[in-house]
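[1] Below are the sequence and a predicted model for it; my questions follow.
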Amino acid sequence: MPQITLKTAKRIEVAFLKAECGVRYWEDATVGGVEDIDGTRIPCRTGENWSPVIDLATGRIADWPEGVEAKIHYKVCDDGRYTLLDPNGEEVLSLDGYVPKIMSPGGRGFGDYVIMSIDGSGQIADWHPTLDAFEQNEED
């Protein structure tokens, strides 16, 4: 008997963005007003990646150390993974590759750069949670 495949759209609440950014040049950030030459000063570093978990509603980075300020202009290009998480922290959807616009509220990232300023409470300046890249690239 013949069969067809139907795709249906489903709206899912997302609460967090987990970023795993393969940073090329750690020195492209200042932490506490000091150039982070080898990436040892920046919070949320995991191995060779910068891996913040960002509250989508507020733009605040989870577990950011109180009082630490940073200005980031990381070149990442296509070495990143960006995952939307539901309110329980479960993965909803991921993008691999280029930097989505949501990660560059501090300037035009052109899909290659993470650009942001983070205050002493972990708040990202000029945060606007634009999820267009996830909706446009969703394949399921």
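    Here it is on my side, so go on.

[2] where's the nearest residue to residue 46 once chain neighbours are set aside relative to residue 60, distance?
    Spatially, and ignoring its direct neighbours in sequence, residue 46 is nearest to residue 20 (7.6 Å; Cβ to Cβ, 6 or more residues apart in numbering). All C-beta spots, glycine's among them, are computed from the backbone N, C-alpha and C. Here the criterion is Cβ to Cβ, to the nearest Å. By it, residue 20 lies 19 Å from residue 60.

[3] Could you find the closest non-adjacent residue to residue 73?
    residue 28 (4.7 Å).

[4] Which of the residues in stretch 62-69 are classified as buried?
    Within stretch 62-69, the residues that qualify as buried are 64, 68, counting by 16 or more other Cβ atoms under 10 Å.

[5] what distance separates that stretch from the centre of its chain?
    With Cα atoms, centre = their mean, to the nearest Å as the basis, stretch 62-69 stands 16 Å off its chain's centre.

[6] who's in contact with that stretch?
    Identification of contacts with stretch 62-69 by Cβ atoms under 8 Å, 6 or more residues apart in numbering yields 16, 31-33, 43-44, 52-55, 117-122.

[7] hang on, the earlier thing: ok, the residue nearest to residue 73 - contacts?
    Residues in contact with residue 28 (Cβ under 8 Å, 6+ apart) are 72-75.

[8] Would you map the helices across this protein?
    132-137 (DSSP state H).

[9] For residue 35, which residues are in contact?
    Residue 35 makes contact with 27, 29, according to Cβ under 8 Å, 6+ apart.

[10] From residue 56, how far out is it?
    Per Cβ to Cβ, residue 35 is found 30 Å from residue 56.

[11] With residue 21 instead?
    For residue 21, the distance to residue 56 equals 17 Å [Cβ to Cβ].

[12] Those two: who's more crowded?
    Set side by side, residue 21 and residue 56 show more neighbours around residue 21, with 25 against 17, by other Cβ atoms under 10 Å.

[13] I'd say the more buried one and residue 80 touch.
    Yes: using Cβ atoms under 8 Å, residue 21 is in contact with residue 80, at 4.8 Å.

[14] Since that was my last question, I'll sign off now.
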